[in-house]
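Chemist: My questions are about this predicted structure, shown below with the sequence.
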Amino acid sequence: MSSLAPFFAAVWAILWKDLTMERHTRQVLSVMLIFSLTVSVVFNFALGASALSADLAAGRNAAMGFLWSTILLAGTLGLNRSMGSEGENHALEGILVAPVDRAAIYLGKVLSATVFTLIVEAILVPVFIVFFNRPFWRPQVLAVLFLGTLGFVAAGILVASMTLHSRSGNVLLPVLLLPLSLPSVLAAATAAAAFMLDTPPPWNEVSFPVSLVIAFDVLMLTVGFLTYHFVVEE
Amino acid sequence: MIRLEALAKTYGLNPVLRGVNLNVAEGEFVALVGPNGAGKSTLIRIVATLMRPDGGLVEVGGWRLPDFAGRVRRHIGLVSHHSLLYNDLSAAENLAFYARLYRLPDREARVLAALRTVGLAARQRDPVRTFSRGMLQRLTIARATLHEPEVLLLDEPYTGLDQEASAILDELLMEEKGRGRTILMITHDFARGLSLCDRIAVLDRGKILDEVDRAQVSLPDFLAHYTTLTSRARRGEGPR
């Protein structure tokens, strides 16, 4: 246990630092919230217009896809900002010079970015319930949302760290991250949409997409843990 | 305390360090000078464990790099071109963050003492983004020495400082030297390098061209010697 104490102390230090910075500036959350709420309103109005001449229920059934699209894009913005603070003044090098396990840096950044994304989702889900009148509040839906978010952020921190000092890092992040996280996000959207049906399907019908999301989480976190020192060290 | 033998580093096909040999004894202050592109920053980044060497031996405090990088990191402090500080945190929060990373006891007292040492206690709650370059550099010294490292690595610490801020930095570095720290400093300011250090080493084209004892040379003599050395290196005549 004593050998794990420095590891978790470093994880907590990085989480504390990111939360303190956000408390001062609100730069990550404000960007993510403004973007995601704007997109939600646009989706809602687009659906309202189509409902005049088409099937409203069909549009509502696509609500989970709208939600995931919003989370992916807002999450990418948040990751850019979160890792961007490590690039200012080359602050990440200060952490790298300290006697800190690189996996602890990765875990700390994943935790802070997950917290920010979950806060945005906590605001976004009630908005989607109001706009689309679908049961986003069901525990299974929220559980899949959490698992999908974790995998997306785990992959995102890895990619954002790789592109941190590249000249076109802001552009590279979505170009690399969105295709990478697509398998997990598609599975999460499929499973969550199934859990929102009036008659939820039996477990064996959703077990595959849920397992895929969990497998992606495990894979990304493992890859991050094992390779983060290669990503951040020259 | 710092031992480099045949240190080599290549970027792609471009050799940056080509067999550097340099020893810095415990408590010694060595200035490393050389023209732009000589490999000075690469050398200090390798000693700071930020970069892996391609060949040769690097030891800090008897620990070989990169194998024992984790142990070495506890004993080094780095002041680089950049402050390595977070603009959106206050001075005290920045130091508290590093105190957490190094798991230092009596965190608050230590942070306050460090801020007092560099004359920033009155600005401890102000965000770093409001600091002048001189104040930023003083806070950078506080960050780099917060964990009382035996070895202090300085990469052009005077860049962008006015005369007053440079004089304050001089005082801080002399205090650090007085505490017995081993210091390796890259500088383009020969006068400052000679006034502070015990020894001055000239690096050019990835090789140490000469090492000069400060007590045995005046600034004009050193300047003339430096010009001769680097001119010969440019002509491809190699180190003496």
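Modeler: Ah, there it is.

Chemist: switch to C-alpha atoms for all contacts and neighbour counts from now on
Modeler: OK.

Chemist: Point out the residues in chain B that sit beside chain A.
Modeler: B:48-52, B:70-71, B:73-74, B:76-78, B:82-89, B:97-98, B:100-103 (CA under 8 Å from any CA of the partner chain).

Chemist: ChimeraX command for the buried members of these?
Modeler: In ChimeraX, this line selects whichever of the residues of chain B next to chain A come out buried by 16 or more other CA atoms under 10 Å in any protein chain shown:
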select /B:48,49,50,51,52,70,71,73,74,76,77,78,82,83,84,85,86,87,88,89,97,98,100,101,102,103
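
Chemist: Let's see which of the residues of chain B next to chain A end up in strands.
Modeler: Within the residues of chain B next to chain A, residues falling in strands by DSSP state E are B:Ile76, B:Gly77, B:Leu78.

Chemist: Using a markdown table, please lay out these together with pLDDT and distance to A:Trp12.
Modeler: Putting those into a markdown table (pLDDT from 0 to 100; distance: CA to CA, whole Å) gives the following:
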| residue | pLDDT | distance to A:Trp12 |
| --- | --- | --- |
| B:Ile76 | 95 | 23 |
| B:Gly77 | 94 | 22 |
| B:Leu78 | 94 | 23 |
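
Chemist: Does the residue nearest the centre of chain B belong to a helix, a strand or coil?
Modeler: For chain B, the residue sitting closest to the mean C-alpha position, by CA atoms, centre = their mean, is B:Leu154 at 1.6 Å. The local conformation at B:Leu154, judged by DSSP: H, G, I helix; E, B strand; the rest coil, is strand.

Chemist: Could you write out the alpha-carbon coordinates of whichever strand or helix holds B:Pro220 in PDB?
Modeler: In the assignment (DSSP states H and E), B:Pro220 maps to helix B:219-234. Output in PDB follows, covering the C-alpha atoms of helix B:219-234 (Å, rounded to 0.1, in the frame of the first residue of the first chain):
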ATOM      1  CA  LEU B 219      36.500  38.400 -18.700                       C
ATOM      2  CA  PRO B 220      38.500  39.900 -21.700                       C
ATOM      3  CA  ASP B 221      40.900  37.000 -21.700                       C
ATOM      4  CA  PHE B 222      38.000  34.500 -21.700                       C
ATOM      5  CA  LEU B 223      36.200  36.400 -24.500                       C
ATOM      6  CA  ALA B 224      39.300  36.200 -26.600                       C
ATOM      7  CA  HIS B 225      39.800  32.500 -25.800                       C
ATOM      8  CA  TYR B 226      36.100  31.700 -26.500                       C
ATOM      9  CA  THR B 227      36.300  33.500 -29.900                       C
ATOM     10  CA  THR B 228      39.400  31.500 -30.800                       C
ATOM     11  CA  LEU B 229      37.800  28.200 -29.700                       C
ATOM     12  CA  THR B 230      34.500  28.600 -31.600                       C
ATOM     13  CA  SER B 231      36.300  29.900 -34.700                       C
ATOM     14  CA  ARG B 232      38.500  26.800 -34.800                       C
ATOM     15  CA  ALA B 233      35.400  24.600 -34.300                       C
ATOM     16  CA  ARG B 234      33.700  26.400 -37.200                       C
END
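
Chemist: of all the residues in chain A, which ones are close to chain B?
Modeler: Residues of chain A found near chain B, taking CA under 8 Å from any CA as the criterion, are A:6, A:9-10, A:13-14, A:17, A:20-21, A:24-25, A:85-86, A:88-100, A:233-234.

Chemist: Neighbouring strands - and their directions - for the host helix or strand of B:Leu17?
Modeler: Using DSSP H and E, B:Leu17 sits within strand B:14-24. Looking at strand B:14-24 with DSSP bridges, its partner strands are strand B:2-11 (antiparallel).

Chemist: any idea how far the closest residue to B:Glu150 other than its chain neighbours lies from B:Gly77?
Modeler: In space, B:Glu150 comes closest to B:Arg181 once its chain neighbours are excluded; the distance is 5.0 Å by CA to CA, 6 or more residues apart in numbering or on different chains. As for B:Arg181, its distance to B:Gly77 is 10 Å (criterion: CA to CA, to the nearest Å).

Chemist: With A:Leu226 instead?
Modeler: 26 Å.

Chemist: Are we agreed that A:Ala160 is in a helix?
Modeler: Yes: the assignment for A:Ala160, made by three-state DSSP, places it in a helix.

Chemist: Any idea which helix or strand in chain B has the lowest mean pLDDT?
Modeler: For chain B, scoring each helix and strand by mean pLDDT, DSSP states H and E identifies helix B:190-196 as the least confident one, at a mean of 81.

Chemist: for the helix or strand just after it, the distance to its chain's centre please.
Modeler: Heading C-terminal from helix B:190-196, the first helix or strand you meet, by DSSP H and E, is strand B:199-204. Taking the mean C-alpha point of strand B:199-204 and that of its whole chain, the gap between them comes to 14 Å (CA atoms, centre = their mean, to the nearest Å).

Chemist: next one: stretch A:88-98
Modeler: For stretch A:88-98 - counting by CA atoms, centre = their mean - the centre lies 24 Å from the chain centre.

Chemist: which parts of that stretch are buried?
Modeler: In stretch A:88-98, counting by 16+ other CA under 10 Å, buried: A:Asn89, A:His90, A:Ala91, A:Leu92, A:Glu93, A:Gly94, A:Ile95, A:Leu96, A:Val97, A:Ala98.

Chemist: what sits against B:Gly37?
Modeler: For B:Gly37, the contacting residues are B:Val16, B:Asp204, B:Arg205, taking CA atoms under 8 Å, 6 or more residues apart in numbering or on different chains as the criterion.

Chemist: now the first one: how far from A:Glu234?
Modeler: Computed with CA to CA, the distance linking B:Val16 and A:Glu234 is 14 Å.

Chemist: one step back: is it possible to mark the buried ones in the contacts of B:Gly37?
Modeler: For the contacts of B:Gly37, burial is judged from neighbour counts taken by 16+ other CA under 10 Å, and it is met by B:Val16, B:Asp204, B:Arg205.

Chemist: so how far is B:Ile44 from the first one?
Modeler: Taking CA to CA as the criterion, B:Val16 is separated from B:Ile44 by 12 Å.

Chemist: and the residue of chain B found nearest chain A, backbone torsions?
Modeler: Closest residue of chain B to chain A, CA to the nearest CA: B:Leu84 (3.9 Å). Backbone dihedrals for B:Leu84, given as degrees, to the nearest 10, come out at phi 60, psi 30.

Chemist: My read is that it contacts A:Asn89, right?
Modeler: Yes: distance between B:Leu84 and A:Asn89: 5.1 Å, which falls inside the contact criterion (CA atoms under 8 Å).

Chemist: can you pull out the helices in chain A?
Modeler: For chain A, applying DSSP state H gives helices covering A:4-25, A:27-51, A:56-61, A:63-87, A:91-97, A:102-132, A:139-162, A:169-195, A:203-232.

Chemist: Can you show me the helices along chain B?
Modeler: Secondary structure of chain B by DSSP H: the helices cover B:40-47, B:69-73, B:91-101, B:107-117, B:133-145, B:163-178, B:190-196, B:219-234.
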